[in-house]
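Engineer: Take a look and give me a structure for this.
(2 chains)
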Amino acid sequence: MSDPQMRDGGEARLKALLAAHYDPVLEESVPERLRAAVVAPAPPLARAGAGWRMPAAMAASLAAGVLIGWGVLGERPASLPDPYASGALAQVLQSGLASAPDPNAAAQVGLSFRTAQGGYCRTFTAKDGLSGLACREPKGWRLRMIVLGPASGPEPAYRTAASALPAPLLAEVDRLASGPPLDASQEAAARAKGWT
Amino acid sequence: MDAFQRELTELLPRLRRFARALCRDATEADDLVQAAVERALRKRDQWRPGTRLDSWMFTLMKNAWIDETRSRSRRIALFRPAEEGGGRAEDRDPLGTRLVGTAVERAMASLPDEQRLAVALVLVEGLSYGEAAEVLRIPEGTLTSRLVRGRQALAQQLEGLAP
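Structural biologist: Take a look at the predicted model:
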């Protein structure tokens, strides 16, 4: 290396310190989710479907917002399964009411509905255009979908005046819901029973 | 798996190391790598075979990381734990296994983003000044001054540590 700066002994020493700390990463086995990401088809923008998706828009501008979410979830397995809502979001999903929105909350609940299996799912909208869908499972609120972006597209059956949700999210609601969304009294009753 | 994907797979360990030098913890670092890989797959027609894939990936990672740091402060409220103290990386290491690394990590975390990128590319990844400047799309002189300032700040904080 002929960089004149390399003659600086300080740089060499610093390099050694950093190498001692960071080089062991090279010996770690690469998490399966990263190997899988390389061979996966390029992720689409938000796509309806079961399970966790990372829409392209999110990967592009929100990669770490999700990470923050996962970081708060505690330890996360190497692949991408089953992230559950945590922290402020979990609190909103568990206690928030669309009929009595709390303007100070981190997110607002939109639609609540039951699936064919009888479980409860709820959509939420956070500030600056992040919205998503979570379903109550024994372990907590499992995030089924997160979408970044304004509401757009055709209006599926369950669109209400209060729920300006992105089209992919509404499509997923349409797919999962076994009936109309809960009304205010049904929502309050479900909350009282802890969404079980 | 095609040649592009094979080369990308071989790069993963280095991408993870670079990410680790930028991010607060290993999970966040791997998430950054994943975001960059996904960007790479979407933009792969922009990569010219025969040119260096590592430099191209470092640029994608830099962009993803900067986008993320910009959006983090806006989004962090959503995911902040209801009770204080649950989500910081330091709190998730009850066994103290990262103690050895914390001085280095703390020092790196204290650097302004632009200096941290320069340090990570040159001092951790071993790129030449010219290569790093190209990755960051900045003149070499700018790179050099960021690196010098980053190096001084690190040296000050890490004074007395072996080796």
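Engineer: switch to C-alpha atoms for all contacts and neighbour counts from now on
Structural biologist: Fine.
Engineer: give the contact list for the residue lying closest to B:L15 once chain neighbours are set aside.
Structural biologist: Excluding the flanking residues, the one nearest B:L15 by C-alpha to C-alpha, 6 or more residues apart in numbering or on different chains is B:V33, at 6.4 Å. The contact partners of B:V33, by C-alpha atoms under 8 Å, 6 or more residues apart in numbering or on different chains, come to A:34, B:12, B:15-16, B:19, B:61.
Engineer: ok, now B:P112?
Structural biologist: Contacts of B:P112 by C-alpha under 8 Å, 6+ apart: none found.
Engineer: still on that earlier bit, how close does the residue nearest to B:L15 sit to B:E114?
Structural biologist: For B:V33, the distance to B:E114 equals 19 Å [C-alpha to C-alpha, to the nearest Å].
Engineer: Pull the number of nearby residues for the residue of chain A found nearest chain B.
Structural biologist: Of all residues in chain A, A:G87 sits closest to chain B, at 3.6 Å by C-alpha to the nearest C-alpha. A:G87: 21 surrounding residues under other C-alpha atoms under 10 Å in any protein chain shown.
Engineer: Kindly report the same for B:R44.
Structural biologist: 15.
Engineer: State the distance from it to B:L8.
Structural biologist: In this view, B:R44 and B:L8 are 11 Å apart by C-alpha to C-alpha.
Engineer: so who does the most centrally placed residue in chain B touch?
Structural biologist: For chain B, B:L22 is the residue whose C-alpha lies nearest the centre (C-alpha atoms, centre = their mean; 2.9 Å). Residues near B:L22 by C-alpha under 8 Å, 6+ apart: B:29, B:108-109, B:116-117, B:120.
Engineer: Reformat those residues as a markdown table; add distance to chain A, neighbour count and pLDDT.
Structural biologist: Shown next, in a markdown table, are the contacts of B:L22 (distance: C-alpha to the nearest C-alpha, whole Å; neighbours: other C-alpha atoms under 10 Å in any protein chain shown; pLDDT from 0 to 100):
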| residue | distance to chain A | neighbour count | pLDDT |
| --- | --- | --- | --- |
| B:A29 | 9 | 23 | 89 |
| B:M108 | 10 | 26 | 92 |
| B:A109 | 13 | 17 | 88 |
| B:R116 | 12 | 23 | 95 |
| B:L117 | 14 | 29 | 96 |
| B:A120 | 9 | 23 | 97 |
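Engineer: Narrow the contacts of B:V33 to those in helices?
Structural biologist: A:34, B:12, B:15-16, B:19, B:61 (DSSP state H).
Engineer: Just give me the closest of these to A:S178.
Structural biologist: A:L34 (35.7 Å; C-alpha to C-alpha).
Engineer: Skipping adjacent residues, who's closest to the closest one in space?
Structural biologist: In this structure, A:L34 finds its nearest non-sequential neighbour in B:Q34, 5.9 Å apart by C-alpha to C-alpha, 6+ apart.
Engineer: How is the closest residue to B:A109 other than its chain neighbours assigned, secondary-structure-wise?
Structural biologist: Counting by C-alpha to C-alpha, 6+ apart, B:R24 is the residue found nearest to B:A109 once chain neighbours are left out, at 7.2 Å. Taking DSSP: H, G, I helix; E, B strand; the rest coil as the rule, one finds B:R24 in the coil state.
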